[in-house]
Each structure stands twice: as C-alpha cells, then as structure tokens.
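Chemist: coordinates for the following, if possible.
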Amino acid sequence: MRQTVSWLRIHLLLDLIIFVFLTANYFASKTHHNGVYHSFDEDFDYLEEHEQYDSPLDTFDYDSEYDWDSADTWDLPNNIHNTNQPVQTNNYQFALAADLDLNSRDPVQFKWYSYLKLGSLIRKENGNFEINWKDVITLSTSTSTNNRSMELSELILWQDNLLGFCDYTGMVYRVTTDGKVFQRYALADGNGKEPKPFKTEWVTKKDGYLYIGSIGKEWVVNGVITHYNAQWIKIMDSCGTIENLDWSKNYEFLRQQTNTTYPGYLIHEAVTWHPGMRKWIFLPRRASENIPYSPSGDESLGTNLLLIVDEFFTNAIVRRIGPLDLDWGFSAIRIIPDTYEILAVKVYEKNGITKTMITIFDFEGNFKLEPEPWLLVSEDVKYEGLEFF
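Modeler: Reported below is the predicted structural model:
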C-alpha cells in the first residue's frame, strides 16, 4: 500500500513538472519565435500599463550635445568610443543602387533601367577611410506597374544573393554585378492583403530574418489622410515566407522623440539593425515638426537626425550628424561590418534635380571619410540602395 502511494506521488509530481514546462513554452511562444516578436500590441499595452512608455520630450533637448558618458546611454558597448578597435579587414566592397523614378523608362524600348555603382571602402592607417569607385552596371527589366519599374530604393545581401527592392512595383529582384536581373518576390501593401504594391524604402537583417519597411508615416493626399499602409513592415524568413506587422506604435515613438508628431512627420529610408549593440539605427530622410505634408514642401525638409533605439522602442538617443541642410536627406545606411562605424548616403531631390553624396561617421558623430567628410557620388543620379558584399 505504501509503495502504491509513493508511486502515485511520483506520477503526480512528474505530471506537474510537465504541465509547468508546457505552459511556460506556450506563453513564451506568444511573444517570441525565432527572434521575431509577434505581438507588439501586447508588449506596448503592457509598457503603457506599467508607465514604461513615457516620452522624454519634456526633459530631452534633441538639439543639444548628448553626454555619451552619462548613465542615460543605458547599455551601449563600452568599446563604442574606441576608434582603433581591431578589425578583420581593411577593404570592403559595396554597391549603390539607383532610383531613377520616371527616368527609369527607356524612351524607345519596353524596358526600365537602374544602375549598380560598385565601390571599395579602404581603411587607412589612421583609422579613417577612403573610397575608390569601380564600374557602373546597368540593370534592366521588362516587368512594370503603371508604366513604371526598376526604381530601386534598397539593396541587401540575403542568402548569398544581392536583392534589389523597387519602391513602385513592390518587386524584389536578385541582381548580379554583371547586370543580370531575376524576379524573386512581390510585396503587397499594408497588412499584405492590399492590391497596391508595397513601397519598400528600407531593409535590414535581424536575428536571421529580413525586416522590410516603408516611409513610416500616414499616407496623405491633398492634406487628407487616406491610409496607414506605410506604417506596416514585412518580416521574411529564409524560406521566403512573409509576415506582416503593424509598426505604427514604433514609428509614433520615434516621432515623439523628435517632436514630429502629426501634423508634422518623419520619413524613413535609412534604417538598420546593429547586431552587436542590439539597437535600431535610424537616419530619417525628412523631418517636419509642424508643417503638414505636401509634395513640394517636403523637398525642403531634409534632416541630419540620428536615432539609436533599443529593441523594444522604449528608449532612444537622438543626435545630429553634421550641419543641417534642408535640401539633403538620408536615403541609405549600412554598418561597416564588425565595427561601430556607419556608411550613409544622402540625396538631393528638388525641382526635378537629383544628386547623391556619401559619408562615414561613428556613433559620436565623428566623420571618418577622407579627404573630405562628404564625397559627391553623382550630380544627376539619385542612389537609394546600399550594401556590402
């Protein structure tokens, strides 16, 4: 009889352990799966309920110099200030992709074009960089939407393939450095159930997934908000499966940090994830504190903002990079591999004239490009895609 009771106790204990294990795994899967957070709404509801989602606008002057040695830098790496840290290579190959807008259409043939401009980034003995330009490759396709195509706004190396993203057709192409173009994916707007193509403006890799985003603001036509599709992002896994995620609260958090809440706005084209810091890095293209969006007015609302944001969008560091020129805004960003240095592209787009320049800086705002901090890439072509390969 005592043996029977003992066995019953053991079985009950085992059942309890199994129940606790399965329950814990179930709740963990509700918020996190292979590095992808599926329920941002639940996360932000929790943060708001526990008063951890307050905006620091009342106490933070984003125009002032930020004290990087203070405790407010939370968990930035200690070696972020070390510009002489060891690196694995002194030579980095990269490519720029052109967005020619309406000029991408061939005037005679049923084709649309873009350019792939190749370059080499070389680290000098003093830790700064110089850039050597190589070939400019012509890319073309006969696939279009409304007589437009190949307006490449982003590049990324994904599973050994260089992918180019068209911001008008929603198409994702595999492109090669010898000029070949292959169709790979088509992205739908908003939650993925819209007939309109997704306007891809930025792409980055995070925890084995592709994060694909747009301008991050409400869509305004003639002063009227028509939809919020550009505030959704796409998350693609290694098999090409796409999840659609509403990022409106994340984008709104960024606007709170920069005093650009509606009717002001913040437009994003240069976003990346830093795996070493586990931080989001944003270099906005446009910023307006109180001027409502209009196509003509937008051309003179460039910005020099740098935002460093924690993984859950609860803390942010806001800085300015170089002097403010309202005619220029950031269009692309990449972290130089295995470093805390940024390669960034700025573009000019006004009255039908486009220009591009490139720079390198660290997270303290120190420029690292020689002989000048800004290098003119083109006086007539707008480059919006950037990737190392």
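Chemist: please make it C-alpha for all contacts and neighbour counts, starting now.
Modeler: Fine.
Chemist: so where's the chain shaky on pLDDT?
Modeler: Across the chain, the ranges flagged by pLDDT under 70 are 1-88.
Chemist: make it 80
Modeler: 1-89 (pLDDT under 80).
Chemist: show me where it has helices.
Modeler: 2-31, 40-49, 248-257, 295-298 (DSSP state H).
Chemist: how about residues contacting stretch 118-132?
Modeler: Residues outside stretch 118-132 that contact it (Cα atoms under 8 Å, 6 or more residues apart in numbering) are 83-84, 90-96, 133-137, 360, 368-371.
Chemist: from the chain's centroid, how far away is that stretch?
Modeler: Centre-to-centre, stretch 118-132 and its host chain are 24 Å apart (Cα atoms, centre = their mean, to the nearest Å).
Chemist: for that stretch, which positions count as buried?
Modeler: Within stretch 118-132, the residues that count as buried by 16 or more other Cα atoms under 10 Å are Leu118, Gly119, Ser120, Leu121, Ile122, Arg123, Asn128, Phe129, Glu130, Ile131.
Chemist: stretch 308-323 now?
Modeler: Quick answer for stretch 308-323 (16+ other Cα under 10 Å): Ile308, Val309, Asp310, Phe313, Thr314, Asn315, Ala316, Ile317, Val318, Arg319, Arg320, Ile321.
Chemist: Leu100: which of the residues you listed is nearest?
Modeler: Ile321 (26.5 Å; Cα to Cα).
Chemist: quickly note the distance from the closest one to Pro373.
Modeler: 11 Å (Cα to Cα, to the nearest Å).
Chemist: give the contact list for Val271.
Modeler: By Cα under 8 Å, 6+ apart, the contact set of Val271 is Trp202, Val203, Thr204, Trp280, Ile281, Phe282, Leu283, Ala332, Ile333.
Chemist: the residue lying closest to Asn315 once chain neighbours are set aside bridge partners, please.
Modeler: The shortest distance from Asn315 to any non-neighbouring residue, by Cα to Cα, 6 or more residues apart in numbering, is to Val309 (5.9 Å). Counting by DSSP bridges, Val309 is bridged to Trp280, Ala316.
Chemist: isn't Val309 right up against Arg278?
Modeler: No - in this structure, Val309 is not within contact of Arg278 by Cα atoms under 8 Å, at 9.0 Å.
Chemist: mutual contacts of those two, please.
Modeler: Going by Cα under 8 Å, 6+ apart, no residue sits against Val309 while also sitting against Arg278.
Chemist: list the buried residues of stretch 188-206.
Modeler: 188-192, 196-206.
Chemist: which one of those is nearest Thr141?
Modeler: Pro197 (17.0 Å).
Chemist: list the beta-bridge partners for that closest one.
Modeler: Bridge pairing for Pro197 (DSSP bridges) gives the partners Ala188.
Chemist: if I look at the residue nearest in space to the middle of the chain, how far off is Thr176?
Modeler: The structure's the chain has its C-alpha centroid closest to Val271; by Cα atoms, centre = their mean the separation is 2.2 Å. Distance of Val271 to Thr176, computed by Cα to Cα: 23 Å.
Chemist: ok, Tyr251 next?
Modeler: Taking Cα to Cα, one finds Tyr251 at 33 Å from Thr176.
Chemist: the two: who's more crowded?
Modeler: When Tyr251 and Thr176 are compared for neighbours, Tyr251 comes out ahead with 21 against 16, by other Cα atoms under 10 Å.
Chemist: which stretches of the stretch 101-250 of the chain form strands?
Modeler: Here the stretch 101-250 of the chain has its strands, by DSSP state E, counting those that start in this stretch, at 112-123, 129-141, 152-158, 161-166, 171-175, 181-186, 202-206, 209-213, 219-221, 224-227, 232-236, 242-246.
Chemist: show me the one of the ones you listed that comes nearest Ser378.
Modeler: Nearest to Ser378 among these is strand 112-123; the distance by Cα to Cα comes to 10.4 Å.
Chemist: taking strand 129-141 as reference, get the angle to the closest one.
Modeler: For strand 112-123 against strand 129-141, the angle between stretch directions is 160 degrees (axes from the mean of the first three to the mean of the last three Cα atoms, to 10 degrees).
Chemist: strand 112-123 to strand 171-175, inter-axis angle?
Modeler: Using the same axes, to 10 degrees: strand 112-123 against strand 171-175 is 60 degrees.
Chemist: distance of Lys111 relative to Val136?
Modeler: Taking Cα to Cα as the measure, Lys111 and Val136 are separated by 18 Å.
Chemist: need the max-distance pair from the buried residues of stretch 188-206.
Modeler: Lys196 and Lys206, at 26.4 Å, using Cα to Cα across those.
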